[in-house]
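**Q** what's the 3D shape of this:
(chains A and B)
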2 protein chains.
Amino acid sequence: MNVSIIAIGDELLIGQVIDTNSGDIARMLNPVGWKVNDVQVIGDNADEIHRAIDRAFAVSDVVLTTGGLGPTKDDITKSVLCQYFGGELYENLEVLENVKEVVSKRGIKLNDLTASQAIVPSSCRVIQNLVGTAPLMWFEKEGKVLVSMPGVPFETRQMFRDEVLPQLLEKFHSNIAIEHRTLLVINYTESALATKIAEWEDALPPHLHLAYLPKPGLIRLRLDGTHHDKTFINDELNRYHRQLIDMLGDDILFTEDRSVEEILLHYLNETNLTVSTAESCTGGNIAHLITSVAGSSSSFMGSVVAYSNEVKHRVLGVNDETLLQHGAVSIATVEEMAQGVCTTIGTDCAIVTSGIAGPGGGTAEKPVGTVCIAVKTPQAIASDTFHFPGNRSRVIDRASTTAIIMLINQLKKLKR
Amino acid sequence: MNVSIIAIGDELLIGQVIDTNSGDIARMLNPVGWKVNDVQVIGDNADEIHRAIDRAFAVSDVVLTTGGLGPTKDDITKSVLCQYFGGELYENLEVLENVKEVVSKRGIKLNDLTASQAIVPSSCRVIQNLVGTAPLMWFEKEGKVLVSMPGVPFETRQMFRDEVLPQLLEKFHSNIAIEHRTLLVINYTESALATKIAEWEDALPPHLHLAYLPKPGLIRLRLDGTHHDKTFINDELNRYHRQLIDMLGDDILFTEDRSVEEILLHYLNETNLTVSTAESCTGGNIAHLITSVAGSSSSFMGSVVAYSNEVKHRVLGVNDETLLQHGAVSIATVEEMAQGVCTTIGTDCAIVTSGIAGPGGGTAEKPVGTVCIAVKTPQAIASDTFHFPGNRSRVIDRASTTAIIMLINQLKKLKR
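**A** Down below sits the predicted model:
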C-alpha cells in the first residue's frame, strides 16, 4: 500500500521547525509493510494544499496530512479540506466535549479560540484527539483515504499508532511483506565497506536490497526484503544477514538496529556492571544519552561534568601536577578522571572525555576537535586521542558516540 | 525568488534519517529574502526524481536537491540528472584531485568506489566539495537553475553557505525584503495568548504577519514583514514589535530568537555569576544544553548527575533523613541538592531537578511526570513541583526547559 504524507506549516519552510512527524509515521508503517512514497512539505497556503492533495492522490491510496490545524489565524487546513471534500463547517458537540476535557486536564481555561477546534467539515468522520485539542479528520474519496492529523509531534505519534493506523489496516488489506535486518558496523568508511562486500552484494537476489546508512562513528547496513511470502522472506533475510555477520566479524558492533547507548546498557546488564561518566568537552551529553533510555537507572549511577580544572581536581581527584604537566586535554588526565569518577560515584566502569569542542580554545599542538577519551572496566583502562572534524555540536556528538563504542568494545572482551 | 527543495533517499522515507538539510537551507535563505515554496522528500527512484524535478521547476526558478549521491549502488541521482539535462557521464580530473585531497585529509585510502565520485554529467558545472567527496553539480535550463548537493548535513550546510548561495545571489537578483522579529513568551497557552492580543493582531497592516510557534515551556511569536523597501519594513517591524513587548510585559522571556540556554548564559554574563547543575531525572540534559553553546565555559563550571540516592547523599551532601522522610523527588531534597552542588562544584547559582521521567517508577502520590525543580542564586532559592505530560523524552525536555527558565526569571529579578 502506497502512502503519501503532506506536512503543512509556514514554520517548516523557514526552517524554524523540522518535520519529524513524517519519520515517525514511516517508522510505524514499516512493520506492516506499507511504504511512504513521498513527503511534501508546504506552507499554510490554500492553493498549495489543494495541489499537494491532488498529487498525493495521484500516486497513493492513503494520504496523511500533519499540521496546519492550530486555533490561530495562520492555520487554514480545515477550511481547505472542507472545500476539497465538500460539505460545510459545523460545530461538532462531541469534539467540543473532548476539547473541554483535554483543556481541563491541563489545568487551563477554555477560551473561544480553543473552542473553535470543535468546528469541522461535515464531509469528514472525526477521530477524537485524546492528547490534544485539534481533532483528527478522516475523509474518503473514490475508495482512497485522507486523514488530517495535528502538527504537534507527540499528539500525532500517539494518535497515529493507537487510532489511525489500526483503522487504516482495517479498511485496506495488504499482502506484501516488507522486512528488514540491520547490522551496525564500525572501523570502516562507507566506500571501504562497500568494496569489502561488493562481490556478496552483487550476488544478492532481486527480492533483497542493501542500504548503507552512515551515522557518526559507525555505518548502519540495512538489508530489506520484499515478497508476498512472509516466511520465505524472513528465512532469506536471516540467511543473508548471517553471511554478513560472518564476513564482518569483530567489526560488527551489534546485529540489531539499536542506538549505541542502548547497546551499552545491554552489555552492562549482561556483565552486571555499573557505569558513571566524567565529562569535560561532551558537557553531560553522554549521561543524557544513556539516561534517555528507559530503565537505565539499573546500570547508570551518575556523572560529574567537570568543565573547570578545579572540579577535575577537587571532585574527581585529578592531581594538580598532572593537569599542570600534561594539560586538561591529555591521556594522563582522562585516565585519572576515570579512576576518580568510579570512586566518587561508586561504579565499576566509567566513560571519560576531555577535549576542545571549539570554536575557541584550540592551539597548534591541540587544535579544535582534539578529544582524549578513556574508558574503564574492572579489568582495564583503555584510552586514546582523537581529532574530530566539524563544528562544536559535531565534535560533541562524535566524541560521545566514540566514547560509548569504546566502552562497549571493552565490555565485549570481558564477556569472552 | 521561489526555491523548491528535493530531498532524495530511501532512508528518509522509512524514517531512519530525518531531513534536516531543508531546514538548514531555509534558515540561510530567510535573510536574503528568498522563500522555500515546497520541499519534496522522495526515494532513490529514477521516475520519482524525474517527476519531482518537473514539479519543482513548474513553481520555482531555483531547485536544490540534497542526497542520493553516495558512492554505493543505491544512489542513482547522478545518472538521473544526466538523463534529465542531457550530456554524458565522464571522469572529471579536477574532481578526482579534490576527492584524493579530502580522503587523504581524513587519513584513509582512496578506493575505486570513492574515486567514482569524480564521474559527473557533462551538462553540469561542478562546484568542488571542500568538506566531502561528493561533488556539487550546477545545472541550468531555460534560465532556471538546479543545484545537486550531498545528503550529509554538515557538508550541505557549509557548501551551501560558502559557495552555492553566493553563486545563486550573483546569478539572480531579488528586490523583496523579508524581515523578522521574534518574541519569546512564557505563562501563556497558544490560544490564551491569541485571545489576549486578538485586537492588536486583527489591526496588523497587510505587509505584516504574525505566526505562533509553540515550543516546550514557551511560545515563540514571529512577526514577519514583506516589502520592497527594506528600511520601511524594518521601521514597521520595530514599531509593532515594541507594541507587543509593551502589551506582554513580564511574560516576555526574551525579545530575540534565542534558545533558553543562550538566554540563561546571557543573564549569567550580565550578572557575572557562575552556574552548576545537579540533575536526577534530566540525567545531564541541562548541562548538555548549556555546554552546547560556544563560550559557555565562562559561566558554567560543572555538574553532578545524581541518579542514585547514594550519590545525592555522598557527593551533594543531601541528608539521609531528608531522603528517607520526603523521598528523592521532593522540594526538600532538590533544595538541599542546590546548596550541595554550589559547594561541590563551587558556583554562585544552581539548577536542580529530581523527578520521575518514566515509563516506570511512578506511584499514586507521585505519578510519572512529577518533577521537583529548584534554582539557586546568591540571594534566593526558588523551587516548585511540576506534572509534565508525555513520554520519557518529553518529560526530560519539559523539565530541562522549565528549570532553565526558572533560573532566568530569578536572574532577571537580581538585575532590577
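
**Q** C-alpha only now, for contacts and for neighbours.
**A** Will do.

**Q** And residue A:182, its phi and psi?
**A** Listed backbone geometry of residue A:182 is phi -120, psi 150, with angles given as degrees, to the nearest 10.

**Q** Report the separation between it and residue A:251.
**A** Going from residue A:182 to residue A:251 by CA to CA, to the nearest Å gives 14 Å.

**Q** what about those two, which has more around it?
**A** Taking neighbours as other CA atoms under 10 Å in any protein chain shown, residue A:182 and residue A:251 compare with residue A:182 leading, 19 against 14.

**Q** I'd assumed residue A:257 was in contact with the more buried one.
**A** Yes. With contacts defined as CA atoms under 8 Å, residue A:182 counts as touching residue A:257 at a distance of 5.4 Å.

**Q** tell me, what's touching these two both at once?
**A** Where contact means CA atoms under 8 Å, 6 or more residues apart in numbering or on different chains, the residues bridging residue A:182 and residue A:257 through contact with each are residue A:220.

**Q** and chain A, what are its domains?
**A** Dividing chain A into domains by automatic domain parsing, as the record does, gives the ranges A:2-171, A:177-254, A:260-415.

**Q** Near chain B, which residues of the stretch 1-150 of chain A are found?
**A** Residues of the stretch 1-150 of chain A lying near chain B by CA under 8 Å from any CA of the partner chain: A:11-20, A:22-27, A:30, A:35-43, A:71-72, A:74, A:111-114.

**Q** Emit the PyMOL select command for whichever of these are buried.
**A** Only the buried members of these enter the following PyMOL selection, criterion being 16 or more other CA atoms under 10 Å in any protein chain shown:
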select buried, chain A and resi 11+12+13+14+15+18+19+20+22+23+24+25+26+27+30+35+36+37+38+39+40+41+42+43+71+72+74+113+114
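
**Q** pLDDT of the helix or strand containing residue A:406, averaged?
**A** According to DSSP states H and E, residue A:406 maps onto helix A:392-415. In this model, helix A:392-415 carries a mean pLDDT of 94.

**Q** Could you check stretch A:157-173 and say which residues are buried?
**A** A:157-160, A:164-165.

**Q** again with stretch A:257-277
**A** A:257, A:260-265, A:267-268, A:273-277.

**Q** Same question for stretch A:284-299.
**A** For stretch A:284-299, burial by neighbour count (16+ other CA under 10 Å) applies to A:284-293, A:296-299.

**Q** from those, which is closest to residue A:215?
**A** residue A:289 (15.4 Å; CA to CA).

**Q** before we move on, back to that, format the buried residues of stretch A:257-277 as a markdown table; extra columns: pLDDT.
**A** Below are these laid out as a markdown table (pLDDT from 0 to 100):
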| residue | pLDDT |
| --- | --- |
| A:257 | 90 |
| A:260 | 97 |
| A:261 | 97 |
| A:262 | 97 |
| A:263 | 97 |
| A:264 | 98 |
| A:265 | 97 |
| A:267 | 97 |
| A:268 | 97 |
| A:273 | 97 |
| A:274 | 97 |
| A:275 | 98 |
| A:276 | 98 |
| A:277 | 98 |
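
**Q** Could you dump those into TSV with secondary structure added?
**A** Shown next, in TSV, are the buried residues of stretch A:257-277 (DSSP: H, G, I helix; E, B strand; the rest coil):
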residue	secondary structure
A:257	coil
A:260	helix
A:261	helix
A:262	helix
A:263	helix
A:264	helix
A:265	helix
A:267	helix
A:268	helix
A:273	coil
A:274	coil
A:275	strand
A:276	strand
A:277	strand
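
**Q** Many thanks, have a good one.
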